[in-house]
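K.L.:
I would like to see how this sequence folds:
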Amino acid sequence: MSTPHNAAERGDFAKTVLMPGDPLRAQYIAQTYLQNARLVNNVRGIQGYTGTYEGTRVSVMASGMGMPSMAIYATELFRDYDVENIIRIGSAGAISEKLKLRDVVAAQGACTNSAFAQQYRLPGTFAPIADFTLLETAVAVARGMGVEMPVGNLVSTDNFYAADGRTAEWGKMGVLAVEMEAAALYCVAAQLGKRALALCSISDHLVTGEELSAEARQTTFTTMMEIALKTAAAMEGK
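P.N.:
Sure, this is the predicted structure:
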């Protein structure tokens with residue numbers, strides 16, 4: 001079978017898929033961490049691989065950038081390929097003074113300035129949240145690795161270059177960081193009865209002005225990658 005955006009056959013994807021935004025990061029994870037990794041999709045250069053990690057079958061595929069792109073790939077993976085868990089592994093900009101570059105944060109919830117959830121025609125405002133089992137598992141994995149991983153709200157924005165310059169104001173409500181995909185992923189998972197979690201490494205800081213290079217963002221977020229991979233392995237049978 002195939003979909004408009006995926007040339008894989010049914011069964012090519014594992015139960016759990018890790019989703020970085022960048023196809024090159026997906027390739028890096030597959031080549032670095034997965035045994036017997038096989039390219040199962042490359043439509044539009046959105047690389048998807050399946051292999052094994054610590055004896056557990058795991059897939060990794062890029063989501064592209066932004067909520068519309070994430071929603072396309074998450075929907076097709078959940079709906080058409082029997083995927084049960086998607087773990088977003090991406091970068092985020094800190095808006096909390098408590099965070100520093102390369103910190104890993106887990107999105108318990110995802111605020112947003114997007115109108116994405118309006119399609120569901122709910123009589124109010126939907127609050128996109130992570131699956132608790134995935135979140136609890138990831139927290140336990142991080143703790144076992146000796147990693148202090150903050151858990152809280154992120155804000156998923158449609159505007160990388162915000163014209164009003166007010167993105168950091170979300171920090172007044174305790175929001176940790178800003179990114180561009182988690183809210184849509186959580187909405188799609190809720191709609192389809194699946195599990196989702198977003199883990200993000202801090203790549204830049206809107207308060208201090210610090211930032212990592214593009215190369216560093218692609219290859220040095222190893223702590224986040226390892227937390228996600230170990231979480232995928234721990235989810236086997238859950």
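K.L.:
quick check, central residue of this structure?
P.N.:
In the chain, the residue lying closest to the centroid (C-alpha atoms, centre = their mean) is Arg88, at 1.3 Å.
K.L.:
and the helix or strand harbouring it, what does it pack onto?
P.N.:
Assignment of secondary structure by DSSP states H and E places Arg88 within strand 85-94. Strand 85-94 is packed against strand 16-19, helix 67-80, helix 132-144, strand 177-179, helix 182-192, strand 195-205, helix 222-234, with contacts defined by 3 or more C-beta pairs under 8 Å, 6 or more residues apart in numbering; DSSP states H and E. For the C-beta atoms, the positions are set from N, CA and C on the backbone; glycine is no exception.
K.L.:
out of those, which gets nearest to Tyr28?
P.N.:
Minimum separation from Tyr28 across the helices and strands packed on strand 85-94 (C-beta to C-beta) falls at helix 222-234, 8.5 Å.
K.L.:
just the buried positions in that closest one, please.
P.N.:
With burial defined by 16 or more other C-beta atoms under 10 Å, the residues of helix 222-234 counted as buried are Thr223, Met224, Met225, Glu226, Ile227, Ala228, Leu229, Lys230, Thr231, Ala232, Ala233, Ala234.
K.L.:
which one of the residues you listed sits closest to Val40?
P.N.:
If you rank the buried residues of helix 222-234 by distance to Val40 using C-beta to C-beta, Ala232 comes first, at 16.1 Å.
K.L.:
is it true that that closest one touches Glu54?
P.N.:
No - judged on C-beta atoms under 8 Å, Ala232 makes no contact with Glu54 at a distance of 9.3 Å.
K.L.:
before we move on, back to that, CA atoms of the strand holding Arg88 as PDB?
P.N.:
This file holds the C-alpha atoms of strand 85-94, laid out as PDB (Å, rounded to 0.1, in the frame of the first residue of the first chain):
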ATOM      1  CA  ASN A  85       3.100   5.800  19.400                       C
ATOM      2  CA  ILE A  86       4.800   8.800  17.900                       C
ATOM      3  CA  ILE A  87       7.500  10.600  19.800                       C
ATOM      4  CA  ARG A  88       8.500  14.000  18.300                       C
ATOM      5  CA  ILE A  89      12.200  14.700  18.900                       C
ATOM      6  CA  GLY A  90      12.900  18.300  17.800                       C
ATOM      7  CA  SER A  91      14.400  21.600  18.800                       C
ATOM      8  CA  ALA A  92      12.800  24.400  20.700                       C
ATOM      9  CA  GLY A  93      13.600  27.900  21.800                       C
ATOM     10  CA  ALA A  94      13.600  28.500  25.500                       C
END
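K.L.:
residues contacting Tyr161?
P.N.:
By C-beta atoms under 8 Å, 6 or more residues apart in numbering, the contact set of Tyr161 is empty.
K.L.:
and it, how close does it get to Thr208?
P.N.:
Here Tyr161 is placed at a distance of 19 Å from Thr208 (C-beta to C-beta, to the nearest Å).
K.L.:
swap in Thr167?
P.N.:
To Thr208, Thr167 is 15 Å away according to C-beta to C-beta.
K.L.:
between the two, point out the one with more neighbours.
P.N.:
Shown here are Thr167 and Thr208; by other C-beta atoms under 10 Å, Thr167 has more neighbours (19 against 12).
K.L.:
residue contacts, that one?
P.N.:
Thr167 neighbours (C-beta under 8 Å, 6+ apart): Gly93, Ile95, Val155, Thr157, Asn159, Val178, Leu206.
K.L.:
tell me how far it lies from Val139.
P.N.:
26 Å.
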